[in-house]
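[1] Below are the sequence and a predicted model; questions follow.
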Amino acid sequence: MKLSEELQAILDRPPASYDGKFCQATRDAALSAPRNIAEGFGRFGNREFANFVSIARASLMETQTNLLFARSSHFLSNEEFKTLWDLSEEAVATTTGLLKHLRRGKA
């Protein structure tokens, strides 16, 4: 959630806010990860949960791609990019760890 909250602040201001399609796609990707993890947690069994966590991980990778585009489009400063990138790397690592745990069947 921290990643999506921090990213939202960037998307709400110009020049990013002028690219509505990019902003919507980026919001969707960033919010997809926590939403899928929450939905998977509400399911029964590791197999179902792991499927939702896998989708969440893919959404985080999409978010990282959007961060790279935002940087190259000068929608954020280098410092903002580094902060968001570090948050995204932490989210990917945590999600990957959870996915591995679930696939071992010990959650």
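    The structure has been received and is ready for your questions.

[2] Going by C-alpha atoms from here, please, whenever you check contacts or count neighbours.
    Fine.

[3] burial of the residue nearest to residue 17 when sequence neighbours are not counted, as a residue count?
    Spatial nearest neighbour of residue 17, excluding adjacent residues (Cα to Cα, 6 or more residues apart in numbering): residue 11 at 5.4 Å. Residues contacting residue 11 under the criterion other Cα atoms under 10 Å number 22.

[4] Repeat that for the one 10 residues further on.
    For residue 21, the tally of surrounding residues (other Cα under 10 Å) stands at 10.

[5] going forward can the numbers begin at 39, since that is how I track them
    Sure thing, new numbering starts at 39, so read that last one as residue 59.

[6] what's the distance between the residue nearest to residue 55 and residue 93?
    To residue 93, residue 49 is 23 Å away according to Cα to Cα, to the nearest Å.

[7] Would you enumerate the residues in contact with residue 86?
    If you count contacts by Cα atoms under 8 Å, 6 or more residues apart in numbering, residue 86 has them with residue 78.

[8] what secondary structure does it sit in?
    At residue 86 the chain is in helix, as set by DSSP: H, G, I helix; E, B strand; the rest coil.
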